[in-house]
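Engineer: Provide a 3D model corresponding to the input given below.
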Amino acid sequence: MSKLTVEKARKMLSESVRHRRGWRQDARADFEYVAGHQWDTDDVVRLDQELRPHVTYNVIGPIIDAIVGHEVANRQDIQYIPRQTGEAGVNEVLSAAAQWVRDESDSEYEESAAFYDATVSGEGWTDTEINYDVDLDGRIDIEHVDPLEIDIDPLCSKKNFANARWICRTKIYGREEALERWPDGVFEEGVGSSRSPDTPIDVIAAAFYRSDSGAEGRDASEAREVLVHDFQWYEMESIYRVPLKAINPMQGFILMHGYAMEAAKQKPGETPLVDPDQLKPDANGLLLFDSSTWNKVKGVLEGIEPLKQKRRCYYRLYFSGDEELERSETPTGDCFSYKAITAKHDRKGHCWYGVVRGMKDPQKWANKFMSSSLEQIAASAKGGIMFETGAFVDPRAAEQDWANPSRNIEMNEGFLSRQAVQPRPVNQPPPQSFQLMAYTAQQINSTAGVNQEIMGLSQAMDPSGAMEEGRRQAALDMLAYLFDALRRYRKEQGRLLLSMIKKFIPAGRLVKITGPAGMQYVPLVYDSMTREYDVIVDEAPTSPNIKQQTWKNLMLLAERVPALMTPQMALIALDYSPFPQAMVEEMKQMAQKGLSQPNPQAQLDQVKGQEIAASAHLKQAQAQHLMQEGQQDAQAVGIKLKADEARAQAEMMASHEALRTAQVKTQGESMRAQAQASAAADKARTDIILGGHKIAQEMHKTVQSAIKTHQTLMRPR
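Structural biologist: Residues are numbered from 1 along each chain as shown. Predicted structure coming up:
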């Protein structure tokens with residue numbers, strides 16, 4: 001644990017207060033201008049004493065509302081993608097858990113309030129804490145913080161104070177609330193006149209206290225509020241990383257069981273060496289030990305050379321006055337619980353400012369020109385006449401009847417001819433005052449970079465809306481610095497939220513997931529193989545502008561490519577429809593039931609298809625049967641041919657036997673018998689050849705007929 005003292009923390013806080021004094025004054029004035037308090041107190045008192053008007057027509061307020069309204073209509077979601085080898089998809093459970101946490105804590109409204117502060121004053125802040133008061137299991141809350149309560153490292157200059165070394169929030173607690181949280185605490189009472197102007201408590205409290213304290217300050221014994229500082233900072237501490245594969249089984253056994261086996265006086269199980277959570281390797285297969293843990297295990301891991309590095313360790317200190325109230329790590333221990341949204345950077349003043357800074361002077365002068373014109377009109381003559389004494393016979397009757405067109409006014413003789421009655425001249429205000437008033441009113445929008453299109457006040461004749469949309473987008477481009485800081489805040493807040501979820505929400509807790517099938521609750525499961533995730537910021541489908549634009553594009557796509565709108569595609573498109581959420585859920589459920597139940601028409605088509613397939617199989621079987629019959633006929637013809645050949649061979653053998661017999665009897669008879677036998681053999685051979693050719697022709701015709709029959713049966717009808 002760090003040894004930062006309260007005295008050192010107060011000194012750092014005092015430096016920041018002196019540095020941010022000018023920004024605080026400007027920020028309070030900015031908020032007052034947006035709320036319509038646009039006149040200095042001294043000017044108002046003087047004008048009231050002189051009975052002169054002081055008119056305020058607030059143009060800054062609607063401009064700020066238009067900018068913040070665009071953020072509300074285009075909110076963004078956070079998704080987590082695991083860092084792993086190969087194709088990586090979105091971790092649906094963690095992303096849904098983050099969305100569930102944000103819904104439970106109403107974070108979208110708190111972050112919109114912080115964005116409003118950044119637009120007005122240049123800084124917007126949120127605080128992320130774990131709350132056990134509303135949920136005994138712990139609920140992660142994201143709370144909007146007043147930027148006037150924040151002090152920060154004067155040397156940081158990055159957007160959203162990304163390189164700040166420390167952050168401090170000075171908050172006013174009720175005495176009972178403070179004593180309930182810190183029963184033994186001694187608190188700094190309200191504002192006292194005994195402190196110097198540079199004391200941080202006096203200056204910060206001035207943002208919340210006004211003249212109710214009186215000139216001599218507030219009596220400490222009667223104060224109901226106390227000031228408590230939440231001071232967060234980080235320090236660089238040594239860590240040791242050891243490869244898991246370098247640990248042998250014996251060392252692993254000792255680390256897993258956590259016994260100080262080298263201590264002779266201690267029994268096994270009394271002194272654990274390592275917290276079991278520290279024995280889980282990271283994505284690189286390395287075990288991480290802090291300095292205190294390494295001093296315990298280095299004797300067990302003798303022979304293993306660790307990788308020594310430095311990392312940030314974040315702490316927080318609650319104190320009031322000179323009294324330390326509480327000291328601990330920040331909720332996650334790896335970042336601040338406070339996250340910022342910043343606007344434009346002032347290099348000279350070394351601070352951040354919002355849109356209102358440039359609009360204050362035009363707004364001030366527009367109010368003054370309007371008030372001056374009204375004063376001139378009120379003080380100048382508004383009619384009446386000038387007449388010489390004796391011009392009217394009855395001056396009182398003439399005064400009463402002058403404005404009555406139905407009455408006649410009698411004048412003495414001779415006064416009318418010499419024009420003794422003339423209208424009273426009217427003092428006209430100088431035309432330059434109206435021109436200056438119109439010019440200053442116009443410059444309010446120009447200095448903010450907001451045109452009429454972004455405010456929805458355009459009167460351009462553009463039926464298609466393309467020109468108006470282009471001008472609106474051009475105005476948003478001028479405000480890109482604000483939305484760029486908001487996107488960076490989303491990423492930083494997403495990393496903080498991921499650490500909070502993994503640390504405070506146990507596995508198995510039910511979280512709400514919204515998918516194509518609707519909303520359902522599933523147990524939270526952590527991937528033990530993945531410890532690092534990339535934070536992706538994307539437009540939320542629930543944002544009104546995103547839903548409207550996406551739905552419009554889907555309708556255009558459906559008209560041009562109707563085949564694309566399948567039932568599954570329609571379920572996805574429902575999330576971007578302008579219909580109420582309850583209606584979308586009911587439509588999804590009905591669609592799911594429709595997809596799960598069989599369609600009668602589809603069943604009829606399926607039966608018809610089965611009948612057609614059965615008919616085709618039958619025709620194919622018949623064709624195969626005919627082919628088999630043709631093959632059987634061909635086989636029969638072949639058997640007959642073989643029988644004829646065998647019979648011919650037998651006859652030839654008989655002829656040869658007769659020839660031998662004839663040769664035994666006589667030479668002549670044998671010659672004659674041989675000639676006869678030769679003739680008979682030639683005749684038999686000729687008959688065999690002719691018969692075989694005829695049989696082959698018949699078999700060929702039979703096969704061709706079977707093939708033609710099969711083709712006829714297989715031809716589609």
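
Engineer: for the stretch 401-550 of the chain, just list every one of the helices.
Structural biologist: Ranges of helices within the stretch 401-550 of the chain are 431-448, 466-478, 480-504, 544-560, based on DSSP state H, counting those that start in this stretch.

Engineer: tell me which of those lies nearest to residue 408.
Structural biologist: Proximity to residue 408, assessed across the helices of the stretch 401-550 of the chain by C-beta to C-beta, is greatest for helix 431-448 (39.1 Å). C-beta coordinates here come from the backbone N, C-alpha and C atoms, glycine included.

Engineer: tell me which other helices or strands that closest one touches.
Structural biologist: For helix 431-448, the elements it packs on are helix 60-73, helix 356-379, judged by 3 or more C-beta pairs under 8 Å, 6 or more residues apart in numbering; DSSP states H and E.

Engineer: and these as JSON lines, adding mean pLDDT, mean neighbour count and distance to residue 38?
Structural biologist: Written out in JSON lines, the entries for the helices and strands packed on helix 431-448 read as follows (pLDDT from 0 to 100; neighbours: other C-beta atoms under 10 Å; distance: least, C-beta to C-beta, whole Å):
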{"stretch": "helix 60-73", "mean pLDDT": "89", "mean neighbour count": "19", "distance to residue 38": "8"}
{"stretch": "helix 356-379", "mean pLDDT": "86", "mean neighbour count": "18", "distance to residue 38": "6"}
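
Engineer: residue 489: how many residues sit nearby?
Structural biologist: By other C-beta atoms under 10 Å, the residues close to residue 489 number 24.

Engineer: for the helices of the stretch 401-550 of the chain, give me JSON lines that also has distance to residue 103 and mean pLDDT.
Structural biologist: Formatted as JSON lines, these follow (distance: least, C-beta to C-beta, whole Å; pLDDT from 0 to 100):
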{"stretch": "helix 431-448", "distance to residue 103": "33", "mean pLDDT": "80"}
{"stretch": "helix 466-478", "distance to residue 103": "27", "mean pLDDT": "76"}
{"stretch": "helix 480-504", "distance to residue 103": "12", "mean pLDDT": "90"}
{"stretch": "helix 544-560", "distance to residue 103": "17", "mean pLDDT": "67"}
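
Engineer: list the buried ones in stretch 396-404?
Structural biologist: The neighbour-count criterion (16 or more other C-beta atoms under 10 Å) identifies residue 398 as the buried residues of stretch 396-404.

Engineer: figure out which of the helices and strands packed on helix 431-448 is closest to residue 392.
Structural biologist: Minimum separation from residue 392 across the helices and strands packed on helix 431-448 (C-beta to C-beta) falls at helix 356-379, 28.0 Å.

Engineer: beyond that closest one, next helix or strand please.
Structural biologist: Moving toward the C-terminus from helix 356-379, the next helix or strand (DSSP states H and E) is strand 385-387.

Engineer: which other helices and strands does that following strand contact?
Structural biologist: Using 3+ C-beta pairs under 8 Å, 6+ apart, the elements in contact with strand 385-387 are strand 421-423.

Engineer: let's see 10 Å
Structural biologist: helix 395-401, strand 421-423 (3 or more C-beta pairs under 10 Å, 6 or more residues apart in numbering; DSSP states H and E).
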